Structure formats: C-alpha cells, structure tokens
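# Structure for this input, please:
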Amino acid sequence: MRRQTGHKRLFLIGLIVSLLIPVLAACTKEAQPKNHNTERTLRFASGFEYVGEDGQVFRNYTELFEFSHKDIRIETLQTSYQQKNGSGYFYIPPQSGEEEEQADPIKALIDLMTGPTPPDIVLIDYSHLPSLINENLLVSLDELILNEKDYNIDDFVPAVIEGLRKAGNGTLYALAPMFYSSALIYNKQLFLNKAVPFPTDGMTWQEMFELARRVTVKDEENPVYGFAFERYYGNGGIWGLQRYMTNNYTMPLGMKWIDEETLTMKVNTPAWQGVWKLFTDLYKEGVLPQEPDWSKPRDNPYAWDMFLSGEVAMTIVPYTYLWEIISANNNADRIDGFEPIDWDVVTVPTHPEAPGVGTEIYYDGLFAINAKAENMEDAWEFIKFITGEQWARVKSKSVYNIMSRKSFIEKIEGVDYNIDAFLQLFPSEYALDESRLRQKLPEYWSIMNIGEQKLADVINNNKSIELALQEWETEGQAMIQSIKERQQNGSDGGLRMIELPAIPAPVIID
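Numbering: from 1, shown residues only. Coordinates of the predicted model:
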C-alpha cells in the first residue's frame, strides 16, 4: 500500500512538471525581446539628396547608440533619388527627353517609407515635416514621451519644441538633439568711441536702427557701418540686401514676396514700398555697408569680414560664428594686422507686431519615426537616446552647435557672453512657407535676383521704388509663368545630381 502511494506521488509530480514545461517555455520566449538577446535591425533613410558612402551622414548620431545597443544593427536605405543621382553635390539640368520620374527627393523618400521595406527612422529637414505629416507618415511622439518616466521634455529649449510643434499643428512628430540660431553681435569699443549705449535683449528693429545711426562713422578711409545683415564684404552691400530683408526683417511679419500656394508675386504693395524706403534710406545714410573698394589691400585673413575687421558695429551671426571670433581673438598676437574684438551678443531685433519672434531655428539631426516602421520599439529607443541626457552629456563637449537640452548648454571655452540671446526667440510661423516656396519653385533665386537688381536701380540710378517694385512683380510673374509652361510641356524635369571627381575645397564665403 505504501509502495502504491509512492508511485502515485511520483506520477503526480511528473504530471505537474509536464504541464509547467510549456508555460515556462512560453514565458522564456516572451521575455527574450525584453532581454534583447537577439540582434535586431533598425533601418534609416533620409530626405536629403546626400547620405554618403554607407550612410556616413548618420554616423555622427548613431555611433554612440550602436556602442550602447550592441544587439541592434543599423541599416541605411537609399531612396530611388539617391540611387539614381549618386552622392555628388553638383547639379546639372537633365538632358532633353531624359526620364525624371524621381526628380523630387521628398517624393522619393515618401515612396520608400510606404514601400515593401520601409525605414524605421527618417532624418529630415524642417521643411519636410508638413508633407510627411499631411500624408500620415509620421508617428506622434507625444504619447511615447508621456509613457517615459525619466524623459524630461521640459528640459528642452522652448524655442526648439515650439518650432517643431508649429509644423505639426501642436503635435510633436520629430526631435533633434542639437540646433543653432542667430543673435545680434556687437563691437563694444565702437559704441564706447561714440558714447552710444550698448544694444540690449528685446530691442525692436526701430530701436536697433536708431543705435546703428548713432554709431555710424562716415569716413571713406575708415568707415564704421552701424549695422549689416551679413558680415562679409560682397554679401553685405546692395547685392544680397533683398534676400536678407526677406529672411530676417519681413518674414516675422508674414510679408510674402511670392505666395507659395498660387505662385503669385506679392511685392507691388504699400507694405513693400515702406520696407524698401527704410532700407534705401539706411544705405544712403551710410548706416548699411557700401560697396567696397576691391583694390584696397587686405593684409590679414579676416580683412573681408566686416565685423572682425572692425568696420561694422552690429551684425546678425549664427551661433557657429562664435567659434571663429573666439579663435581669432585667442590667436590675435599671431595674426598680422588683426586687433582683438571686445564683443557680446543680444537677441535679434523683433517687431512690435510679432513679439518674441526671431529668425529661423535650424535643427541638427531632426529625426522622426515612420508610421509604417517594422521596428517601432527600437526606433523610439533611438530617438529617446540621442535626445536624452546621456547623449547630450557626451556630445556637448565636442559639437559646434547648441544642445537642445538646456542642462547641457555650455559657453565656448568658458568665454563670458550672453548665450541666452540664442535661446530666447521663437521661430517665425512663416518660415515653413518660405521653405516650401524654395522647394516648389526651381527658379527661386533667379526671381529673387531680379529684385536685387531693381533695388540696386533704386539706390544707384534713382529709379522710383514704386516703379522698381512694379517691374519686379511683372518680370518675376513672367518667369514663373514660363516655368509653369515648361513643366506642363514636360521639358523641365528639375535638377539632378552627378558624380564628379574630387576637387580642392574652395574658400566659402557665406
């Protein structure tokens, strides 16, 4: 009887174990992804024309991620546009009759995102956002962020998040670990020489122009210009004035020179007449840079930089320019003819009609998740990682742009300056309109150049502002109509990229 009881006990134990084995196996199988024991693939693609050999454009963002996520393999996908046009930077018009089905790199990205092997992550330009959002191709990041206990979105610079939410009508569809913006830099000594108070944060354009007038020195040999949109000679005079007015002065007001929806010229208006009157007066008063004497000897590498040469009191500069001026000052004793500049920065001037609105913010590494991603979990893990505190802590020591997270923004080499000037203003809601216009209109710069010439006619030849703007509108509209007709006839396929042999890098004047 005792032996039968022992056999029964062994039978019951065996039965229980046999029933538990499938359950344990199922639990083990379900836990594997969480333990990340298997290698997974995370696919990347970009809307830019250039991604480099083996996706080198992504490496600045992915290297630390790959190091800390050894179970994830990065795969770079190329769009049909990138495959067809190669990786060169130079453009030529297509040959007559040549097929150009993928002339638009954004359309090619959309085709890839909706294709049989879609990317999980896309690197995009700010101007891409509306198109991808309207096609329902991006994942909202708001819910993902809310589900993260340790992801502090409040640590981001407000202007960064505000600009991205504007593109998504209040919803956040993309994030970037870095950005750069602009500020108004000024030469302290030039203000002291004229006993003029320094610029301050929050100035209006009119207040800044009044300071510029007071600090201007009219001297043919040693002029001091009160203000310049652009710090380099050749870009800061008459030629370039119209495009800088458009990007910096009129954009926050919503003043369009071409309507991006209808492609209709909009410059023959009283508002544009008033803007041209303001800037032609400033030019004729010597407040804005005049055309330089190109025969004048320039003895140091910074001589064509109007700010570093001490010839302009205030100018708008990107954050990256601070590296250049700090380097120049640090090496002043080794640069013949260069005197160190005592400088600081304040916010770009604003309009009373658009308080707090400055110039565009440019995002460095703007990533979004494809709505058709096959690896959604790791896609969010990547964005969370490169916009998180750990990545920011490491990268903040070695990047030229500003970290999006406020906690990791550091001044360059410990130099004391008003870094908040780059963080306070919000991007204009009309910046996206201008970006769409540039994408939509192949001859954008050709039409802008007509305006440059007409403005020069006003300044040099005393042509009336009213007539000049009327001519610009008429001639610009004729060019737009010609573009439309060529596109309808199929004779204008856009631009394409070609592979060219390596050439020595030119000196770039931006």
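
# And the helices in the stretch 351-500 of the chain?
For the stretch 351-500 of the chain, the helices defined by DSSP state H, counting those that start in this stretch cover 376-386, 389-395, 431-440, 444-461, 465-488.

# show me where the stretch 201-350 of the chain has strands.
For the stretch 201-350 of the chain, the strands defined by DSSP state E, counting those that start in this stretch occupy 225-228, 258-259, 264-265, 312-318, 343-346.

# Can I get the ones you listed in JSON lines including mean neighbour count, mean pLDDT and distance to Lys166?
(Glycine included, C-beta is placed from N, CA and C.) Formatted as JSON lines, the strands of the stretch 201-350 of the chain follow (neighbours: other CB atoms under 10 Å; pLDDT from 0 to 100; distance: least, CB to CB, whole Å):
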{"stretch": "strand 225-228", "mean neighbour count": "26", "mean pLDDT": "96", "distance to Lys166": "29"}
{"stretch": "strand 258-259", "mean neighbour count": "18", "mean pLDDT": "94", "distance to Lys166": "19"}
{"stretch": "strand 264-265", "mean neighbour count": "18", "mean pLDDT": "96", "distance to Lys166": "24"}
{"stretch": "strand 312-318", "mean neighbour count": "24", "mean pLDDT": "95", "distance to Lys166": "21"}
{"stretch": "strand 343-346", "mean neighbour count": "20", "mean pLDDT": "98", "distance to Lys166": "24"}
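
# Which among those strands is found nearest to Arg73?
If you check each of the strands of the stretch 201-350 of the chain against Arg73 by CB to CB, strand 312-318 wins as the nearest, at 36.0 Å.

# so what does that closest one touch, helix or strand wise?
Strand 312-318 sits against strand 182-187, helix 205-215, strand 225-228, with contacts defined as 3 or more CB pairs under 8 Å, 6 or more residues apart in numbering; DSSP states H and E.

# make it 10 Å
On a contact count with 3 or more CB pairs under 10 Å, 6 or more residues apart in numbering; DSSP states H and E, strand 312-318 meets strand 182-187, helix 188-193, helix 205-215, strand 225-228, helix 321-330, strand 343-346.

# For those, state which one has the densest average packing.
Across the helices and strands packed on strand 312-318, the average number of neighbours (mean count of other CB atoms under 10 Å) peaks for strand 225-228, which reaches a mean of 26.

# Now find how far off-centre that strand is within its chain.
The chain centre lies 25 Å from the centre of strand 225-228; the measure is CA atoms, centre = their mean, to the nearest Å.

# what do you get for stretch 60-77?
Averaging C-alpha positions (CA atoms, centre = their mean) puts stretch 60-77 24 Å from its chain's average.

# Pull out the buried positions in it.
For stretch 60-77, a neighbour-count test (16 or more other CB atoms under 10 Å) marks 61-62, 65, 69, 72, 74, 76-77 as buried.

# One more: stretch 369-386?
369-371, 373, 375, 378-386.

# cool, and stretch 465-481?
Residues of stretch 465-481 classed as buried: 465, 468-469, 471-473, 475-477, 480 (neighbour count, 16+ other CB under 10 Å).

# Would you mind putting the CA coordinates of it into PDB?
This file holds the C-alpha atoms of stretch 465-481, laid out as PDB (Å, rounded to 0.1, in the frame of the first residue of the first chain):
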ATOM      1  CA  ILE A 465      10.600 102.500 -55.500                       C
ATOM      2  CA  GLU A 466       7.000 102.200 -56.900                       C
ATOM      3  CA  LEU A 467       8.300 101.600 -60.500                       C
ATOM      4  CA  ALA A 468      11.000  99.200 -59.400                       C
ATOM      5  CA  LEU A 469       8.600  97.000 -57.400                       C
ATOM      6  CA  GLN A 470       6.100  97.100 -60.200                       C
ATOM      7  CA  GLU A 471       8.800  95.900 -62.700                       C
ATOM      8  CA  TRP A 472      10.000  93.200 -60.300                       C
ATOM      9  CA  GLU A 473       6.400  91.900 -59.900                       C
ATOM     10  CA  THR A 474       5.800  91.900 -63.700                       C
ATOM     11  CA  GLU A 475       9.100  90.300 -64.700                       C
ATOM     12  CA  GLY A 476       9.000  87.800 -61.800                       C
ATOM     13  CA  GLN A 477       5.500  86.700 -62.700                       C
ATOM     14  CA  ALA A 478       6.500  86.200 -66.300                       C
ATOM     15  CA  MET A 479       9.400  84.000 -65.200                       C
ATOM     16  CA  ILE A 480       7.000  81.900 -63.000                       C
ATOM     17  CA  GLN A 481       4.600  81.600 -65.900                       C
END
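
# What lies in contact with that stretch?
Stretch 465-481 has contacts (CB atoms under 10 Å, 6 or more residues apart in numbering) with 242, 257-258, 262-270, 272-277, 280, 441, 443, 446-459, 461, 463-464.

# With respect to Tyr151, which of the buried residues of stretch 60-77 is nearest?
Nearest to Tyr151 out of the buried residues of stretch 60-77 is Phe65 (CB to CB; 15.6 Å).

# Looking at the helices and strands packed on strand 312-318, which is nearest to Thr41?
Closest approach to Thr41 among the helices and strands packed on strand 312-318 (CB to CB): helix 321-330, 37.4 Å.

# which intervals of the stretch 351-500 of the chain have sub-threshold pLDDT?
Scanning the stretch 351-500 of the chain for pLDDT under 70 picks out 490-500.

# Among the helices of the stretch 351-500 of the chain, which comes closest to Gln290?
Taking CB to CB, helix 444-461 is the member of the helices of the stretch 351-500 of the chain nearest to Gln290, at 9.9 Å.

# now the angle from the closest one to helix 465-488?
160 degrees (axes from the mean of the first three to the mean of the last three CA atoms, to 10 degrees).
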